[in-house]
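Engineer: Give me a model of this one.
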Amino acid sequence: MLKGVVLLIEISLLPLVVFLLLKRKSFDASMVLVVAVCAQLLVFVANDGFLHDWDEKYHALVAKHLTENPLKPCLYKDPIEDYDYRQWTNNHIWLHKPPMALWIMAGSIKLFGSNEFAVRLPSVLLSLLSVFLTFLIGTELFSKRTGVIAAFFLAINGFFLDITAGRTTTDHIDCAFLFFVLFGIYLAIKYYSSNKTWLFAAAAIVCGFALLTKWLPALIIVGLFGLMGLTNKVGFAKNAIATILFTVILFLVYLPWRLYTQQQYPLEFAWEQTYNLRHLTEALEGHRHPWWYYLNWIRIIWSEAIYLVLIFLIWQVFKFKYKNQIILLVWLLVPLIVFSFSATKMPGYLLIAAPAAFIAMALFCEYLLLEFKYRKLGVAVVVAIALLAQRYCIERVKPFYKNHKKENISLEIKRLKNSIGNAPTVLYGNPFPIETMFYTDYISYASLPTEKGMKNAHLKGYQIAVLDNGRLPKELLMDSQVLKIRSLLVTFNPI
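Structural biologist: Reported below is the predicted structural model:
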């Protein structure tokens, strides 16, 4: 309760204190404050005492298995029952996402154990760095004041916090992806301002890491790199050569993993490559939405003011042809347009455009406060934008809400060892098999055992356990080799 009260006060006062510091041109102090409050928010939301359903628990389990073999991503480490390699929620070799974010999570789990905070710690750190990179990019393109305001909007953005906490789909994958995209863009900007070769190479390598995190959307960095060359008037031929070389370097970073998985896991590789492309033409896994879905969604995840911000940015580009506003507009609009015409639409897809939206929002606020003819109206609009950001932050952070049911499920899973012991075990009839395999070393299935599965388990030296829900088949009840476990898990419905 006390933490919630403190956070509520900090969220409420942050815009006012940042405004006063900016008025005094204390840019560094205001940025330190933004980062400090953001750190508290991120740690608070990352302290949920359970794994979230979509998609955190799957990413966490694969990352846990990567601690044992970084080159073998798997969901069921040792499958006992038959499985379909095309079902990413129930298969063995798991190539549903590229490995970079999972490797980072695996490092944290290796250091701190199989617990929720170890899963989320990398996202907390990378999200803090993303806020700082937003400040640096805003500063490089415009001014320190712009950078601070943009960082403030990202730091308290409810959707950004949700993603970091694993509370919504694509979770930690998108956190890592956002960081690499921002880092690549920042290095590209610094390269064009200094012309240092190592910055060129570093930007391309980071883009390769982004490709290893979330595949083709990482190419937004290549597009922006080429656009920076055009706006900096380096010459068409020179810019084309630089962009091609940039692309070659990033694919050299990505190709070893692609070639390795293609050779080692040909069935899974071929399926996932096809499946990824199908996102463009088919609405997969129920994610069917109209083409204007994201045009509506941006008011929810960024701010209702985003439409005014977009109009303002377009006006600045077409009237004044400012080169940095052009970069910002392309960064914002390309993901919006591409994903709008993709058949599969998911909320997290637009996260990489959020920093551009917030930098544009910062420019809009500065214009209203410093240049707009109707000063009182401008101040009122800026206050409204800040209040909308605060409201959405509080809605998503939920400072006074705890999901006790899910926390109790996690605690009950951890208590299974008291009944089962440390012997290698296959646990059946478990409504929470993925979570159980993360918190324990057991193999677990929601279904009851098949005859073939029981034979496999015995051949591999596993004991067989079943959660007894009072309705087990007679043959299982009579089988003395099957350990029957009474657990409160059978009283919980899967969430």
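Engineer: ok, the residue nearest the centre of the chain to Val426 distance?
Structural biologist: The centre of the chain sits closest to Asp174, judged by Cα atoms, centre = their mean, with a distance of 2.5 Å. Here Asp174 is placed at a distance of 33 Å from Val426 (Cβ to Cβ, to the nearest Å). Glycine gets a C-beta too; all of them are placed from N, C-alpha and C.
Engineer: So Lys110 sits against Thr67, correct?
Structural biologist: Yes. Under the criterion of Cβ atoms under 8 Å, Lys110 makes contact with Thr67 at 4.5 Å.
Engineer: any shared contact partners between the two?
Structural biologist: The contact sets of Lys110 and Thr67 do not overlap (Cβ atoms under 8 Å, 6 or more residues apart in numbering).
Engineer: Next, please give the residue ranges for the strands of the stretch 351-495 of the chain.
Structural biologist: Ranges of strands in the stretch 351-495 of the chain, per DSSP state E, counting those that start in this stretch, are 425-428, 443-444, 463-467, 482-485.
Engineer: For Phe180, which of the ones you listed is the nearest?
Structural biologist: Minimum separation from Phe180 across those (Cβ to Cβ) falls at strand 443-444, 33.4 Å.
Engineer: Quick check: mean pLDDT of that closest one?
Structural biologist: For strand 443-444, mean pLDDT rounds to 98.
Engineer: And it, how far out from the chain middle?
Structural biologist: The chain centre lies 27 Å from the centre of strand 443-444; the measure is Cα atoms, centre = their mean, to the nearest Å.
Engineer: What are the contacting residues of that strand?
Structural biologist: Contacts of strand 443-444 (Cβ under 8 Å, 6+ apart): 76-80, 425-428, 430, 432-434, 436-437, 462.
Engineer: same deal with stretch 284-303?
Structural biologist: By Cβ under 8 Å, 6+ apart, the residues outside stretch 284-303 that reach it are 153, 157-159, 275, 278, 283, 306-307, 309, 336, 339-341, 343-347, 349-350, 354, 357-358, 361, 385, 388-389, 392.
Engineer: Would you mind extracting the C-alpha trace of it into CSV?
Structural biologist: Extracted C-alpha coordinates of stretch 284-303, given in CSV (Å, rounded to 0.1, in the frame of the first residue of the first chain):
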residue,chain,number,x,y,z
LEU,A,284,-2.9,-15.8,-37.3
GLU,A,285,-3.9,-16.9,-33.8
GLY,A,286,-7.1,-14.8,-33.8
HIS,A,287,-5.3,-11.5,-34.3
ARG,A,288,-7.7,-10.3,-37.0
HIS,A,289,-8.4,-6.5,-37.0
PRO,A,290,-9.4,-3.9,-39.6
TRP,A,291,-6.8,-1.9,-41.5
TRP,A,292,-7.4,1.1,-39.3
TYR,A,293,-6.7,-0.8,-36.1
TYR,A,294,-3.4,0.9,-35.4
LEU,A,295,-4.8,4.3,-36.2
ASN,A,296,-7.2,3.8,-33.4
TRP,A,297,-4.8,2.0,-31.1
ILE,A,298,-2.2,4.8,-31.1
ARG,A,299,-4.6,7.0,-29.1
ILE,A,300,-4.8,4.3,-26.5
ILE,A,301,-1.1,3.4,-26.2
TRP,A,302,0.5,6.8,-26.8
SER,A,303,-2.1,9.5,-26.1
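Engineer: Can you find the helix or strand of this protein with the lowest average pLDDT?
Structural biologist: helix 474-478 (a mean of 83; mean pLDDT, DSSP states H and E).
Engineer: Which positions in it come out as buried?
Structural biologist: Buried residues in helix 474-478, defined by neighbour count with 16 or more other Cβ atoms under 10 Å: Leu476.
Engineer: C-alpha coordinates for it, CSV please?
Structural biologist: Taking Å, rounded to 0.1, in the frame of the first residue of the first chain, the C-alpha atoms of helix 474-478 are listed here in CSV:
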residue,chain,number,x,y,z
LYS,A,474,-9.7,-46.4,-12.6
GLU,A,475,-6.6,-47.7,-14.4
LEU,A,476,-4.5,-44.8,-13.1
LEU,A,477,-5.9,-45.1,-9.6
MET,A,478,-5.0,-48.8,-9.5
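Engineer: And it, how far out from the chain middle?
Structural biologist: How far helix 474-478 lies from its chain's middle: 45 Å, per Cα atoms, centre = their mean.
Engineer: what's the answer for stretch 342-362, then?
Structural biologist: Going by Cα atoms, centre = their mean, where stretch 342-362 is centred and where its chain is centred differ by 12 Å.
Engineer: buried subset of the contacts of strand 443-444?
Structural biologist: Buried among these by 16+ other Cβ under 10 Å: 76-77, 79-80, 425-428, 430, 432-434, 436-437, 462.
Engineer: Among those residues, list the two that are farthest apart in space.
Structural biologist: Phe432 and Tyr462, at 19.1 Å, using Cβ to Cβ across the buried ones among the contacts of strand 443-444.
Engineer: possible to save the strands of the stretch 351-495 of the chain as JSON lines with distance to Tyr293?
Structural biologist: Output for those, formatted as JSON lines (distance: least, Cβ to Cβ, whole Å):
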{"stretch": "strand 425-428", "distance to Tyr293": "40"}
{"stretch": "strand 443-444", "distance to Tyr293": "36"}
{"stretch": "strand 463-467", "distance to Tyr293": "40"}
{"stretch": "strand 482-485", "distance to Tyr293": "45"}
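Engineer: Quickly, which of those strands bottoms out on average pLDDT?
Structural biologist: Among the strands of the stretch 351-495 of the chain, strand 482-485 scores lowest, at a mean of 91.
Engineer: Going by neighbour count, list what's buried in it.
Structural biologist: Val482, Leu483, Ile485.
Engineer: One more: stretch 319-326?
Structural biologist: Tyr322, Lys323, Asn324, Gln325, Ile326.
Engineer: check contacts around the third one.
Structural biologist: Pointing back at Asn324 there. Applying Cβ under 8 Å, 6+ apart, the residues near Asn324 are Leu141, Phe142, Thr231.
Engineer: So in the protein, which helix runs the longest?
Structural biologist: helix 236-264 (DSSP state H).
Engineer: And the next helix or strand past that helix?
Structural biologist: Later in the chain than helix 236-264, the nearest helix or strand by DSSP states H and E is helix 266-281.
Engineer: what's that following helix in contact with?
Structural biologist: 85-86, 91, 93-96, 215-216, 261-262, 284, 342-344.
Engineer: Could you do stretch 47-64 as well?
Structural biologist: By Cβ under 8 Å, 6+ apart, the surrounding residues in contact with stretch 47-64 are 73-75, 88-89, 94, 96-97, 101-103, 105-106, 109, 114, 116-117, 119, 165-173, 403, 406-407, 409-411, 434-435, 437-438, 495.
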